[in-house]
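Trainee: the sequence and its predicted three-dimensional model are supplied below.
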Amino acid sequence: MDIVPIINFLLIAGVIQGFGFNLVTIFVKKKFNKTVVFLNLVVLFISLNNLQRWLIDNGFISDLFLIQQLEVPWYVLIFPMFYAFTTHFLKIENKVNDFIKLTLLVFIIEIIIRLCLISYVYYNVPNLNDALIEKYTKIEEICNLIYCVFLFVNTCLLIFRKHSLLNYILAYDDLNWIKWFIKFGVLIIIFWIFAIIVKSNTGNEMAYIPLRFGTSILLYWIGYQGFYKYNIVQDRISLRSTITNNNVLISSDIEANKSFNYNEVHNEKHKNEFEAIKNHIINKKLYLDPLLGMETITSELGISKSHFSKLINTYSNYNFSDFINSLRVKQAKKFLSKDEFSAYTIVAIGLECGFNSKSTFYSAFKKFTSQTPSDFRAQF
């Protein structure tokens, strides 16, 4: 089975999807700032690089010597743009070095050098022997690889080492998706090094197939995952600023009247204790904390865990986890039913209401309302 046509198909399919992503985010999506610009540039330069490679491999290049030899090093721009996207996503662009100007300078210099070499070969080398250009291309690629690895290492250090810079963004995103991208980036760099070594020793262009396959998958993943996560983070930041005004929060008095059916066999004292616990959780917004545990509340109120658990089970008819989730669902319903929050993603609302993932939010919402969040919102 010939794998080359499959790789070529994935290559051009990824290019089309990449350009489609650029068009949608520019002309359709409303949220567009520097973070989205740099993400779009990552996708654009991967697309341009893969398109150039596809055109060359399939013979869609002009017979003009200049066009044949002018391989634009789009790939040298990919890692710097991702680094810039990462720093802006993390809200630390003012605390770290910016490599954009340096990268553009490198890119322009490489284009100028190549144009000069093409001119020299065209006018001075018999039979237009392009050995000199080929030699330069190898040196250029090795230098670009070193530069890209340098930027990639800097990105890794930001994510895995410089935790003090990440306190703000970690309140909204665990960054696991970027960590997975970095792991995949390591594999891409390994493919790249392998391709350079094999081609240098054998001249076999097939050595680049794993790299092209990897970048095609990367193109599908990074654009949509990055934009999706960015939207959620932006929505969460905006929602959290709104939550600081108690207007949109559930209130303890409403919950007391409508939420729970009290068991008459227990005495008034215990019932009042439960009311105090519930009011404490709601008024202090504890239910919005995805890491909230029973120990936190019992420590603050100075009661035993066993007594606390008994009060919750008896007067709410839920265990502790379901009791807290019921409050989170009520809060989510309040957001989803208001027109002013209609532009926010449902996932962002669920996460800001205290759920730690989309799946737990949807599962809890369905459990307490017999509807999905999407169906519930559609009613309003």
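Mentor: Arrived safely, thanks for sending.
Trainee: buried stuff in the longest helix seen in the chain?
Mentor: Longest helix in the chain by number of residues (criterion: DSSP state H): helix 209-243. Using 16 or more other C-beta atoms under 10 Å as the burial criterion, the residues of helix 209-243 that qualify are 209-216, 218-220, 222-223, 226-227, 229-237, 239, 243. For glycine as for every other residue, the C-beta is placed from the backbone atoms N, C-alpha and C.
Trainee: repeat that for stretch 90-97.
Mentor: Neighbour count says stretch 90-97 has 90, 91, 92, 93, 96 buried, by 16+ other C-beta under 10 Å.
Trainee: pick out the most distant pair among those residues.
Mentor: 91 and 96 (11.1 Å; C-beta to C-beta).
Trainee: now for the chain, the helix or strand with the poorest mean pLDDT.
Mentor: helix 252-258 (a mean of 51; mean pLDDT, DSSP states H and E).
Trainee: distance from the helix or strand that that one is followed by to the middle of the chain?
Mentor: Sequence-wise, the next helix or strand downstream of helix 252-258 (DSSP states H and E) is helix 268-283. Mean-position distance between helix 268-283 and its chain equals 40 Å (C-alpha atoms, centre = their mean, to the nearest Å).
Trainee: distance of residue 190 from residue 183?
Mentor: 11 Å (C-beta to C-beta, to the nearest Å).
Trainee: between the two, which has more neighbouring residues?
Mentor: residue 190 (13 against 10; other C-beta atoms under 10 Å).
Trainee: what's the pLDDT at that one?
Mentor: pLDDT, residue 190: 94.
Trainee: one more: residue 2?
Mentor: Looking at residue 2, the pLDDT reads 69.
Trainee: now the one 10 residues further on
Mentor: As summarised for this prediction, residue 12 has a pLDDT of 89.
Trainee: ok, now residue 33?
Mentor: In this model, residue 33 carries a pLDDT of 81.
Trainee: ok, it to residue 175 distance?
Mentor: 19 Å.
Trainee: which one of those two has more residues nearby?
Mentor: residue 175 (20 against 10).
Trainee: my read: the more buried one touches residue 159, true?
Mentor: Yes. If you go by C-beta atoms under 8 Å, residue 175 and residue 159 touch, sitting 6.3 Å apart.
Trainee: mutual contacts of the two, please.
Mentor: Counting by C-beta atoms under 8 Å, 6 or more residues apart in numbering, the shared contacts of residue 175 and residue 159 are residue 166.
Trainee: which one of the buried residues of stretch 90-97 sits closest to residue 378?
Mentor: Among these, and counting by C-beta to C-beta, the member closest to residue 378 is residue 91, at 33.6 Å.
Trainee: for that closest one, what are its contacts?
Mentor: 168, 169.
Trainee: for it, which three-state class applies?
Mentor: Look at residue 91: counting by DSSP: H, G, I helix; E, B strand; the rest coil, its state is coil.
Trainee: cool, the one 3 residues further on as well?
Mentor: Here residue 94 takes the coil state, with states given by three-state DSSP.
Trainee: so for it, what's the pLDDT?
Mentor: So residue 94 comes in at 86 (pLDDT).
Trainee: so it versus residue 165, what's the distance?
Mentor: Residue 94 is 11 Å from residue 165, by C-beta to C-beta.
Trainee: try residue 232
Mentor: Distance from residue 232 to residue 165, by C-beta to C-beta: 20 Å.
Trainee: by contact count, what packs against the longest helix of the chain?
Mentor: When contacts are defined as 3 or more C-beta pairs under 8 Å, 6 or more residues apart in numbering; DSSP states H and E, helix 209-243 packs onto helix 4-27, helix 34-57, helix 78-89, helix 176-202, helix 346-352.
Trainee: I'd like those as JSON lines, with distance to residue 318 appended.
Mentor: Shown next, in JSON lines, are these (distance: least, C-beta to C-beta, whole Å):
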{"stretch": "helix 4-27", "distance to residue 318": "42"}
{"stretch": "helix 34-57", "distance to residue 318": "40"}
{"stretch": "helix 78-89", "distance to residue 318": "38"}
{"stretch": "helix 176-202", "distance to residue 318": "30"}
{"stretch": "helix 346-352", "distance to residue 318": "19"}
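Trainee: quick check: which of those is nearest to residue 299?
Mentor: Of those, nearest to residue 299 by C-beta to C-beta is helix 346-352, at 24.7 Å.
Trainee: what mean pLDDT does the closest one get?
Mentor: Rounded mean pLDDT across helix 346-352 is 95.
Trainee: residues of it that come out buried?
Mentor: Neighbour-count burial for helix 346-352 [16+ other C-beta under 10 Å]: 346, 347, 348, 349, 350, 351, 352.
Trainee: of those, which is the nearest to residue 316?
Mentor: Using C-beta to C-beta, the buried residues of helix 346-352 come closest to residue 316 at residue 350, 21.2 Å.
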